[in-house]
Each structure stands twice: as structure tokens, then as C-alpha cells.
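Participant: Quick check, what structure comes out for this input:
(chains A, B and C)
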Amino acid sequence: MSKSSDFFEQVYQVVRLIPKGRVTSYGAIASYLGTKGSSRLVGYAMNAAHGVLPPVPAQRVVNRNGLLTGKHHFGHPGRMQELLEAEGVLVKDDQVADFKNRFWDPAVALAL
DNA sequence: AAGGTGACAGTTT
DNA sequence: TAAACTGCCACCT
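Facilitator: Numbering: from 1, shown residues only, chains lettered A, B, ... in the order given. Sure thing, here's the model as predicted:
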């Protein structure tokens, strides 16, 4: 019953709602959860997202610059970019192409 | 129990 | 203009 109290679980829920082919930022998720200053916790949560079921598409979460900061945490660098490209998200120089257009804001998409 | 960690973000120099 | 520092807070040892 106290599972929902886990901050990580909250993050996972939002990340799993990210549509395929879209990406969001750590700060956007943190802000949506009401913990704007805890953007680092979102990244930290992703660190523990490995092996979590249902799977958490952490590759769709990048920093506010659209940079694949956590690519080194996918077991092997390049795996994150590969996953994104497989979903239609072009990545150039470890950065999401047309990031602003690909950005998916939970505060807007999940509004109401 | 207390301290250190970190896949960010915003501000200042 | 770019680079560096600080704040932030839940999880881990």
C-alpha cells in the first residue's frame, strides 16, 4: 500500500506514459510530480529503473538540452541512441534532433 | 543512525 | 560567449 509513496514509482509511472517517438526532460517530470528541485532524483530513479516491471522507457528521458546524458547507463554507450532511433527519434552527436519539437510535456499531456 | 551519492537545472562569474 | 558553482531531495551503504 505504501508503494505509491515511493518517489521512484511516481517517476516510473510518468516515464511509461511517454508516447513512442517522443522524449521529455528530467525537470519536466520532476515539475509534474511537484518536486521541481528534485530533477536529480528523477535521474537517480532511472538509475534504478533497470529490471523494473513493467519496463521503463528511460531512453525517452533526456536532460533539458536534449542530450543523452544517461547513455552510459544502458549497459553500453550507444544503446540509448539505438533505442531512440528505433522509435523514430533521430539522435545527432548524443543529442535529440529537433528536440523542442519532440519534447513531450507531462504537465500538458496529462493535464486535467 | 548519519553521511554521501547523483542519468539535472538555474544562476553567477 | 562559455565555463563553473550551488541548490535540491529521495535512495543507498
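Participant: Residue A:51: what secondary structure?
Facilitator: Secondary structure assignment for residue A:51 (DSSP: H, G, I helix; E, B strand; the rest coil): coil.
Participant: measure it to residue A:16 for me?
Facilitator: The gap separating residue A:51 from residue A:16 is 15 Å, by CB to CB, to the nearest Å. Heads up, the C-betas are built off the backbone N, CA and C, glycines and all.
Participant: between those two, which one's more packed in?
Facilitator: residue A:16 (14 against 7; other CB atoms under 10 Å).
Participant: ok, is stretch A:33-41 in contact with DNA strand C or not?
Facilitator: Yes: applying CB under 7 Å from any atom of the strand, one finds stretch A:33-41 in contact with DNA strand C at A:35, A:37, A:38, A:39, A:40, A:41.
Participant: Give me the buried positions along that stretch.
Facilitator: A:33, A:38, A:39, A:41 (16 or more other CB atoms under 10 Å).
Participant: How about exporting that stretch as CSV, limited to the C-alpha atoms?
Facilitator: This file holds the C-alpha atoms of stretch A:33-41, laid out as CSV (Å, rounded to 0.1, in the frame of the first residue of the first chain):
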residue,chain,number,x,y,z
LEU,A,33,5.4,15.5,-9.7
GLY,A,34,5.6,18.7,-7.8
THR,A,35,9.3,18.4,-6.9
LYS,A,36,10.8,20.8,-9.3
GLY,A,37,14.0,21.0,-7.4
SER,A,38,14.3,17.2,-7.4
SER,A,39,15.2,16.9,-11.0
ARG,A,40,18.3,14.9,-9.9
LEU,A,41,16.0,12.4,-8.2
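Participant: how about low-confidence regions in chain A?
Facilitator: A:1-5, A:112 (pLDDT under 70).
Participant: in it, which residue is closest to the centre?
Facilitator: residue A:61 (2.1 Å; CA atoms, centre = their mean).
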